[in-house]
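S.K.: Take a look and give me a structure for this.
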Amino acid sequence: MWLNIILIIAGLVLLQQGAAFLVKGSSGLARKFRVSELAIGLTIVAFGTSSPELVVNSFASFKSNYDIVFGNIIGSNIFNLFIILTVVAIIAPLKVQSSTAWKEIPFSLFALLLLFLLANDQLVFPRDISRISRFDGFILIVAFALFLLYVFKQLKYDTKSSHIEKGIDKTGIIIVLIASGLAGLVLGGKLVLDNAVELAAGLGMSEKLIGLTIVAAGTSLPELATSVVAAVKKNSDIAVGNIIGSNIFNILFILPVSSFIRPLRFDPGFNRDIGFIAGGTIILFIAMYTGKRMQIDRWEALILFFTYIAYIFLMLK
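M.R.: Take a look at the predicted model:
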């Protein structure tokens, strides 16, 4: 058991470092092609912080560990919304742009509703098996494409220059960083998945519970690091955008990619967790209009945090 825990921690470290190397190397490569820093932040950096979930889910899907697939996605979204948002709001109250309140947050709720409808086949066909098929994955990818179209249209109206720290621009070092990042992601993802499954079996815990907690929290560490840095630097847009954007990315990109590898059997027990995310998203939306400013205050973030504690307590009972 202890060996499994040590290997899971080692895998998580590899995932985080792999993502960091991939982001740094890819950013240097993008600069060589004169891609704007804002575009790098919205694409390469966003992909880098979510790449641990993508790698873990790809392995889990290939090995038919469906509860790990859904547990990682749903658990990561819960962790992003109830823990990371709380941490950054405690550092500094998060001011939110009206476009985030009226467009990005409702879109994340739409993605959640779409997942619920596509996964619960038994609601329409009682004798069918609930799953995310490859066709369902295609529908999710189309929704993701529409979201990307919206994001790039927003670039036309963004007159502020976004800053990303300059990295190494030598081609050889860039290639080494990208290759090392990919290797770290692949090896780390395999270590986390294999040992999480063994740990679950050894402790009598379900793969669903392991996915919703240990795996989800571990793969969400890049989002935590990015949002905390943004909050310290008083950049609320990046902090909130990273959380909401990651939740959308997880459902509309990582999940369909997993379904393309192998259709994903869905445990209806996850519907409670999907409903929990929906409730948290609605609380977040309402919180922005409770004060004089459109922002998330510390006390509102603490409501989300204690709601999460109650959720974990009920789940472990």
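S.K.: Residue 132 contacts residue 260, correct?
M.R.: No - counting by CB atoms under 8 Å, residue 132 sits too far from residue 260 to count as a contact (10.1 Å). For every residue, glycine as well, the C-beta is placed using N, CA and C.
S.K.: and these two? which has more neighbours close in?
M.R.: In this view residue 132 and residue 260 are compared by other CB atoms under 10 Å, and residue 132 has more residues nearby, 24 against 13.
S.K.: That one bridge partners, please.
M.R.: Taking DSSP bridges as the rule, residue 132 bridges to residue 264.
S.K.: residues touching it, list them.
M.R.: By CB atoms under 8 Å, 6 or more residues apart in numbering, residue 132 lies in contact with 115, 118-119, 140, 255-256, 258-259, 263-264, 266.
S.K.: burial of residue 224, as a residue count?
M.R.: Residue 224: 20 neighbours (other CB under 10 Å).
S.K.: Which pLDDT value goes with it?
M.R.: As predicted, residue 224 sits at a pLDDT of 76.
S.K.: gap between it and residue 79?
M.R.: 8 Å (CB to CB, to the nearest Å).
S.K.: For the closest residue to residue 273 other than its chain neighbours, report the pLDDT, please.
M.R.: Spatial nearest neighbour of residue 273, excluding adjacent residues (CB to CB, 6 or more residues apart in numbering): residue 74 at 4.9 Å. Residue 74 carries a pLDDT score of 93 in this model.
S.K.: so what does the helix or strand harbouring residue 74 touch, helix or strand wise?
M.R.: Element membership for residue 74 (DSSP states H and E) is helix 66-79. Packing partners of helix 66-79 (3 or more CB pairs under 8 Å, 6 or more residues apart in numbering; DSSP states H and E): helix 46-62, helix 171-203, helix 207-210, helix 216-219, helix 236-249, helix 255-261, strand 264-265, helix 270-287.
S.K.: List the contacts of whichever helix or strand comes after that helix.
M.R.: Once the chain leaves helix 66-79, the next helix or strand it forms, by DSSP H and E, is helix 85-91. Identification of contacts with helix 85-91 by CB under 8 Å, 6+ apart yields 94, 224, 227-228, 230-232, 239-240, 243, 284, 296-298, 300-302, 304-305, 308.
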